[in-house]
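1. Show me how the following folds:
(one chain, ligands or ions: 3)
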Amino acid sequence: MKMQVTEIAKAVQATNAEQAWPTVNVTGVSFDSRKLQSGDLFIPLVGANDGHQFIQSAIDHGAVATLWANDHADQAPSDLPVILVDDTLAALQQLGRYYLQKINPKVVAVTGSNGKTTTKDMIASVLATQFNVTKTHANFNNQIGVPITLLSMEPNTEVVVVEMGMDHFGELDFLSRLVQPDVAVITMIGEAHIEFFGTRDKIADAKMEIVHGLKEDGTFIYNGDEPLLQTRAQAVQQHQRTFGLDASNTLAGSAVTTSQSQTQFTASLWPDEPYTIPMMGAYNVNNALAALLVADTFHIRPNAAKQALASFVPTENRTEWLAGQQGESILSDVYNSNPTAARRVLAAFSAVPAKGQRIAVLGDMLELGDQSDSLHVSLASELDPTTIQSVYLNGEHMQALAKALQSTYPETAIHYYPTAEQPQLIADLTAAVNADDLVLLKGSHGIHLENVLAALVDHAEK
Ligand SMILES: CC(=O)N[C@H]1[C@@H](OP(=O)(O)OP(=O)(O)OC[C@H]2O[C@@H](n3ccc(=O)[nH]c3=O)[C@H](O)[C@@H]2O)O[C@H](CO)[C@@H](O)[C@@H]1O[C@H](C)C(=O)N[C@@H](C)C(=O)N[C@H](CCC(=O)N[C@@H](CCC[C@@H](N)C(=O)O)C(=O)O)C(=O)O
Ligand SMILES: Nc1ncnc2c1ncn2[C@@H]1O[C@H](COP(=O)(O)OP(=O)(O)OP(=O)(O)O)[C@@H](O)[C@H]1O
Ligand SMILES: C[C@@H](N)C(=O)N[C@H](C)C(=O)O
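-> Numbering: from 1, shown residues only. Ligands and ions are numbered 1, 2, ... in the order given. Down below sits the predicted model:
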């Protein structure tokens, strides 16, 4: 990004937009002074703390200008241009919209209960074979992350791939209208954040908001195997394309074979030879099919898309294999968890050949509301002592699963730890794991199984 302070002040309709501004090149934006790069515009946001208090840290890290809330005007700094606004978050979003209109790329928006990040990465990799592509960094997918993504575009960006998350009604409506996508993708409907919705039907209603900003000549691409989406898509006016395993889809996957390091499948539009993705997990076929449909919508040559998928690099902690200090192999899926994702990665993990034991470390699945106990117990369907010999459970919600497993597992194979006893889990697990064991780590962001991963992984290998 490269903008003058004058331009930014006008774009956000700053209170002081008409004042004389110095010539200052802004080359980026940051809401976190700890990560701010020299040349950035600092955007103080209010969370548990008020970002305005970190202005000196921002200046020390190289901020060349700052947005500033009018109600903090009396504390405004004097050593750099201060752009006064009523609401810094709204100004960030307004600036993102302005810059999107200025660069004017095609926009692909991706949402879904699971697979958003992986599908976003796959879409970006296939489109990059023919276009200059910017994509969401990591999981920056909310009302802060989406404008940050827009403002990360290089001036020559031709397509921006925007991941969109939500956990309440109205959030995707806002984000969709902000970016006005040319293509909107829904990966699937699971149970993520069901605490705030009550049913999968309502999650589907909220996910469908992603078409509210879809351009009239845009394309809606969705998982055609999901009845909740099939029914809702009937009300969508724009062109539609579906992906899934059912032969009735626009693009149907078949002949799926998966191993520890890759998955192969056949795609119905190009049946001559199989596709390969460098990830385990049959569920990733749907993510790849969505990416192939987007590629086809952008007239990417099938062979180019095929090669891009074969070599794409997933975001870390999404079904990622790592080497452990004892010689074990660790399957890290620690970024987040919810019932469908957990069941599917347990099934995939159970199918991986193992010389030693398979050990599952499962952290609480958060934001499931009053269905939490039953949804945690539902994981028992994927836990068989003949395939996963040992289970470590962490978090108060996992207590329900621990009790349920007593009818199928020997007591010595179930290891339960309340949230606060994760350090004990780490100590016990590191003492128990042996070379040739396979260890799966899966839990919600809020349970922080990355701490268990850090204790197990052979840092020389990462
Ligand atoms: C408000 C904010 O910016 N928080 C970020 C901040 O967290 P921290 O706890 O430090 O904030 P504070 O309240 O303490 O500080 C206030 C501000 O001051 C800044 N600051 C602090 C200290 C300092 O020394 N200097 C500073 O400048 C600080 O940055 C604050 O702005 O920092 C964390 C570490 O960088 C950030 O992680 C945190 O960011 C929040 C979580 C955020 O929303 N970040 C977005 C860019 C984002 O997209 N994050 C995604 C996760 C998004 C997500 O959860 N998505 C959901 C679905 C959507 C749900 C939606 N309703 C929602 O609320 O998000 C999903 O399921 O995917 C990510 O990081 O992965
Ligand atoms: N299409 C899918 N169907 C079911 N589960 C999936 C699918 N894709 C990925 N998963 C599971 O969800 C996990 C997270 O994948 P990814 O990060 O791509 O999804 P996400 O929607 O971005 O997740 P989050 O909302 O937590 O960021 C994966 O590691 C895998 O276990
Ligand atoms: C931050 C919130 N959107 C989220 O990701 N919640 C999950 C369930 C978590 O915190 O683990």
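
2. So for stretch 57-66, first residue to last residue, what's the gap.
-> The stretch stretch 57-66 measures 12 Å between its terminal residues, going by CA to CA, to the nearest Å.

3. so who does the residue positioned nearest the centre of the chain touch?
-> Centre of the chain computed as the mean C-alpha position; nearest residue by CA atoms, centre = their mean is residue 117, 3.5 Å away. With contacts defined as CB atoms under 8 Å, 6 or more residues apart in numbering, residue 117 is in contact with 136, 138-139, 141, 163, 315, 318, 335. Every C-beta, even on glycine, is put in place using the N, C-alpha and C of the backbone.

4. Just the buried ones among the residues you listed, please.
-> When the contacts of residue 117 are checked for burial by 16 or more other CB atoms under 10 Å, the buried set is 136, 139, 141, 163, 315, 318, 335.

5. Flag every residue of the stretch 251-400 of the chain that's near ligand 3.
-> When proximity is defined by CB under 6 Å from any ligand atom, the stretch 251-400 of the chain lies next to ligand 3 at 336, 366-367.

6. Same list as before, the residues you listed that is, but in JSON lines and with distance to residue 421 and secondary structure included.
-> JSON lines is the format used below for these (distance: CB to CB, whole Å; DSSP: H, G, I helix; E, B strand; the rest coil):
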{"residue": "336", "distance to residue 421": "22", "secondary structure": "coil"}
{"residue": "366", "distance to residue 421": "17", "secondary structure": "coil"}
{"residue": "367", "distance to residue 421": "22", "secondary structure": "coil"}
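
7. which one of these is nearest residue 195?
-> Comparing those against residue 195 with CB to CB picks out residue 367 as the nearest, at 4.4 Å.

8. hmm, back to that, which one of the buried ones among the contacts of residue 117 is nearest to ligand 1?
-> residue 139 (3.4 Å; CB to the nearest ligand atom).

9. Which residue is the nearest non-sequential neighbour of the closest one?
-> Closest residue in space to residue 139, ignoring its immediate chain neighbours: residue 117 at 5.5 Å, by CB to CB, 6 or more residues apart in numbering.

10. Return the residues in contact with the residue in the stretch 151-300 of the chain that ligand 1 sits nearest to.
-> Scanning the stretch 151-300 of the chain for the residue nearest ligand 1 gives residue 165, at 2.9 Å (criterion: CB to the nearest ligand atom). By CB under 8 Å, 6+ apart, residue 165 lies in contact with 111, 116, 139, 141-142, 145, 171.

11. show me which of the residues of the stretch 251-400 of the chain next to ligand 3 neighbour ligand 2.
-> Within the set of these, contact with ligand 2 (CB under 6 Å from any ligand atom) is found for residue 336.

12. Can you say which of the residues of the stretch 251-400 of the chain next to ligand 3 are buried?
-> 336, 366-367.

13. now, among those residues, which is nearest to ligand 2?
-> Distances from ligand 2 to those, taken as CB to the nearest ligand atom, are shortest for residue 336 (2.9 Å).

14. Can you give me the distance of the closest one to ligand 1?
-> When distances are taken as CB to the nearest ligand atom, to the nearest Å, residue 336 and ligand 1 turn out to be 7 Å apart.

15. Same question for residue 450.
-> 12 Å.

16. got it, and residue 100?
-> Computed as CB to the nearest ligand atom, the residue 100 to ligand 1 distance reads 17 Å.

17. Residue 326: neighbour count?
-> Using other CB atoms under 10 Å, the number of residues around residue 326 comes to 17.

18. Now do it, the pLDDT please.
-> Per-residue confidence at residue 326 stands at 94 (pLDDT).

19. Also residue 27?
-> 97.

20. and what of residue 273?
-> At residue 273 the predicted local confidence, pLDDT, stands at 85.

21. One more: residue 153?
-> Reading off the confidence values, residue 153 has pLDDT 98.

22. my read: it touches residue 3, true?
-> No: contact status for residue 153 versus residue 3: not in contact, 11.6 Å apart, counting by CB atoms under 8 Å.

23. what touches both of these two?
-> Counting by CB under 8 Å, 6+ apart, the contacts common to residue 153 and residue 3 are residue 99.

24. just the strands in the stretch 1-150 of the chain please.
-> Using DSSP state E, counting those that start in this stretch, the strands found in the stretch 1-150 of the chain span residues 3-4, 25-26, 28-30, 40-42, 65-69, 82-85, 106-111, 133-135.

25. coming back round to it: dump the residues of the stretch 251-400 of the chain next to ligand 3 to JSON lines, plus pLDDT.
-> Supplementary listing: these in JSON lines, determined by pLDDT from 0 to 100:
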{"residue": "336", "pLDDT": "92"}
{"residue": "366", "pLDDT": "97"}
{"residue": "367", "pLDDT": "97"}
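
26. Where does the nearest residue to residue 365 once chain neighbours are set aside sit, in terms of helix or strand?
-> Distance criterion CB to CB, 6+ apart; nearest residue to residue 365, sequence neighbours excluded, is residue 337 at 4.8 Å. According to DSSP states H and E, residue 337 maps onto no helix or strand at all.

27. For residue 337, grab the count of nearby residues.
-> The number of residues near residue 337, taken as other CB under 10 Å, comes to 26.

28. Can you give me the neighbour number for residue 385?
-> 14.

29. if we can go back for a sec, which single one of the contacts of residue 117 is nearest to residue 211?
-> For these, the residue nearest residue 211 by CB to CB is residue 163; the value is 16.1 Å.

30. Sweet, I'm off.
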